[in-house]
Structures are given as C-alpha cells and as structure tokens.
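Engineer: here's a sequence, model it:
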Amino acid sequence: MKKVLISGLNTYLGRRASCYLQTKDFDVTGLVRNLSIFNKIVKEKVTAKLFELDLLRKGPAYDNFQISDLNFGIYFTQVPSLDNDIQLQLELLGLRNFVEICKRAGNNRVIYVARLMDEHFLDPVRNLLEALRVQYTIVVKSSVIGKESVLNRIFSKLAKKQTVFYWNWVASLKFHPLPLLDVYRWLREMPWESNFISEVIYLGGHEEVTFRNLFYQFLSSTSNSQKREIGVNKFFAKLLLSRFNDINKEDIDEFRRVLYYEKNVDNSTWQKVQTFEFTPLKAYVSMDT
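Structural biologist: Numbering: from 1, shown residues only. Below you'll find the model as predicted:
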C-alpha cells in the first residue's frame, strides 16, 4: 500500500481528492486549515484521514504532527494565481512548510500539481524545491470537468435558460479537458518513486472538443430541453453571462483563465513510462455531473 500526504484541500481539485484519491491500495492523509469550515463545504463522503493544520502560521498542530511510512506528498497549487507576488509568496511559504513535514516523516518525494495558467510562473516554485533538496515533480495539468467544476457550474446555469447567448469565438474554441476522477487515478498509477524526478511534466485530456459540444454533452445528461442560440459580440457575451445567467464574478474570472491558457499539451513524457486509458468524455460527463 502506498501512503501519501496531500495539501491544498481548499481548492476544487484538492477538496474532491479528499473524497476520491483514497483506495484500498492508496492511503491518503490530508491537511486542512479549518476542519469545521471544510466539513461544511464538502458535499461528498470524505475518505481520506484529515488533520487540522495551518501551513502558513504553523503552531502546535504543525509542530506536533507526525506521519510515518510516507511514500510521497502531493501539493495542489493553493493560491488563485502565481503571477501575483503576494499570492506567490504565500504559496512558497505553504509549500516550504509542507516539504518540511514530509521530510520530518523521512520522505523526500513531492509531487506539485499546477495548472496551465501557472506554466510561465513556476520558476520560483522549482527553485524552492531544488533549494530544499527534495525529489520533486511538477505536474502542469489542463482544466478539469466534473461535478462542481467551474465549467459544470457555468453549464448548469446555462442549462436552466431556454435561450443561450454566446460569443462564437468562445463556443467554437477547441480544448482538451481532463475528466477529474481520471486525474486521481493517474496520480495513483504513476510510478513516482523512480521516475520524473526534477522534471516538469504535462497532463492533458486525450479528446479535443469545443465548448459548444461539451455544453451539449452536459445538457444531454441533465436535461432533454432544446435551447435557442443567439450569437452576440464579445461585449454582450460578457454582460449577459454575468447578469442574465446569474454567474458570479469569481466563476467568470476563472472561466476567462481557462479560455486564455487552455491548449493541447504533450503527454508523451509520462506515456513513455506508464500507459493510461482516459475515460471517454461523453461517458464521463454523464457519470460525474
């Protein structure tokens, strides 16, 4: 059995990892800043063992935390953006203290999971991991789809309307989304102990799809209603997305980052070492909505 420690449970990827990363052969312990708040937010059954511990302020819980026989640690990027200096410094502080906990457990292997939007701002992260003399791998992943992901949240709002307003550039934009639960299965199956050390590797979906096609796949799994489509320009698309569809600013900002940074990534580095079969998008959309 592999024993792993995870952090970044305040993020979407980390929160659902606390529910789906654990298996009979993969023992997961998670660190959360405030357990009572976390328990109110999470809507699925948590399978990982959770400990309340603040990686930024430390304190007695940090000093007293012990874990043994750790195979590796997984750190999900926690801050909204690494291109903001204040947020970057918070990220580096949390990561440094996470590595210290791993080393205290006799483990020197850390997997840092970042987003495509972080791709050009990872040098400070890599420099820190090298300075700490840790055996690291930085995983840069595409955007995910799954229950409560930003794409699913926006699609669910649009699905309630009889008329869908869209900007054709966005609707026809092609990308390679990742089924969320595939990310956890991929993390479990990769041979981290002896591969990809001191490397940056990429993880992207294997199917190309437009945002329009993905929306209608989502719609077919949640509703049979037909939609009227009206194409508008960029200005009105932005205005109607927030006001007419009642989509909050945080989701719109995150969606913009998806539009700006998403691209087809090269999976060949890890595929040379480990085969992996992705879940077909159509089947996954129906399974995790």
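
Engineer: going forward, measure contacts between C-alpha atoms and count neighbours the same way
Structural biologist: Will do.

Engineer: host element of the residue nearest to Ser221 when sequence neighbours are not counted?
Structural biologist: Nearest non-adjacent residue to Ser221, counting by Cα to Cα, 6 or more residues apart in numbering: Ser286, 5.1 Å away. Taking DSSP states H and E as the definition, Ser286 sits inside helix 281-287.

Engineer: pop out the phi and psi values for the closest residue to Ser142 other than its chain neighbours.
Structural biologist: Closest residue to Ser142 apart from its sequence neighbours, by Cα to Cα, 6+ apart: Gly204 at 5.0 Å. With angles defined as degrees, to the nearest 10, Gly204 sits at phi -130, psi 160.

Engineer: right, and Gly204 touches Asp266 too?
Structural biologist: Yes: in this structure, Gly204 is within contact of Asp266 by Cα atoms under 8 Å, at 7.2 Å.

Engineer: of the two, which one has the most company?
Structural biologist: It is Gly204, of Gly204 and Asp266, that has more neighbours when counted by other Cα atoms under 10 Å, with 23 against 14.

Engineer: list the contacts for that one?
Structural biologist: Neighbouring residues of Gly204 by Cα atoms under 8 Å, 6 or more residues apart in numbering: 141-142, 176-178, 264-267.

Engineer: quick one: buried residues of the helix or strand harbouring Gln87?
Structural biologist: In this assignment (DSSP H and E), Gln87 forms part of helix 85-104. For helix 85-104, the neighbour count (16 or more other Cα atoms under 10 Å) marks 88, 90-92, 94-103 as buried.

Engineer: what's the average pLDDT for that helix?
Structural biologist: Across helix 85-104, pLDDT averages out at 97.

Engineer: which strands and helices sit next to it?
Structural biologist: strand 72-76, helix 123-131 (3 or more Cα pairs under 8 Å, 6 or more residues apart in numbering; DSSP states H and E).

Engineer: ok, which stretches of the stretch 101-250 of the chain are strands?
Structural biologist: Using DSSP state E, counting those that start in this stretch, the strands of the stretch 101-250 of the chain run over 109-115, 135-141, 144-145, 163-166, 174-175, 178-179, 199-203, 209-210, 228-231.

Engineer: let me have those in a markdown table, extended by mean pLDDT and mean neighbour count.
Structural biologist: Formatted as a markdown table, those follow (pLDDT from 0 to 100; neighbours: other Cα atoms under 10 Å):
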| stretch | mean pLDDT | mean neighbour count |
| --- | --- | --- |
| strand 109-115 | 97 | 22 |
| strand 135-141 | 98 | 22 |
| strand 144-145 | 94 | 23 |
| strand 163-166 | 65 | 18 |
| strand 174-175 | 89 | 22 |
| strand 178-179 | 96 | 24 |
| strand 199-203 | 97 | 19 |
| strand 209-210 | 90 | 16 |
| strand 228-231 | 62 | 12 |
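
Engineer: do you know which of those lies nearest Leu82?
Structural biologist: strand 109-115 (9.7 Å; Cα to Cα).

Engineer: parallel or antiparallel, list what pairs with the closest one.
Structural biologist: Its sheet considered, strand 109-115 pairs with strand 72-76 (parallel), strand 135-141 (parallel) by DSSP bridges.

Engineer: out of those, which comes closest to Gln22?
Structural biologist: Nearest of the strands paired with strand 109-115 (Cα to Cα): strand 72-76, 12.8 Å.

Engineer: so how far is the closest one off the chain centroid?
Structural biologist: 12 Å (Cα atoms, centre = their mean, to the nearest Å).

Engineer: where in this protein is pLDDT low?
Structural biologist: For the chain, residues meeting the criterion pLDDT under 70 lie at 163-167, 169, 224-247.

Engineer: quick one: residues contacting the closest residue in space to Phe215 that isn't next to it in sequence.
Structural biologist: Closest residue to Phe215 apart from its sequence neighbours, by Cα to Cα, 6+ apart: Phe155 at 6.2 Å. Contacts for Phe155 (Cα under 8 Å, 6+ apart) come out as 215, 218-219.

Engineer: nearest to Leu31, of those?
Structural biologist: The nearest one, if we look at those relative to Leu31 and count by Cα to Cα, is Phe218, at 32.7 Å.

Engineer: related to what we said a few turns ago, got a markdown table for the strands of the stretch 101-250 of the chain, with distance to Val32 too?
Structural biologist: Converted to a markdown table, those look like this (distance: least, Cα to Cα, whole Å):
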| stretch | distance to Val32 |
| --- | --- |
| strand 109-115 | 17 |
| strand 135-141 | 22 |
| strand 144-145 | 22 |
| strand 163-166 | 39 |
| strand 174-175 | 32 |
| strand 178-179 | 24 |
| strand 199-203 | 26 |
| strand 209-210 | 35 |
| strand 228-231 | 43 |
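
Engineer: thanks again, I'm all set now.
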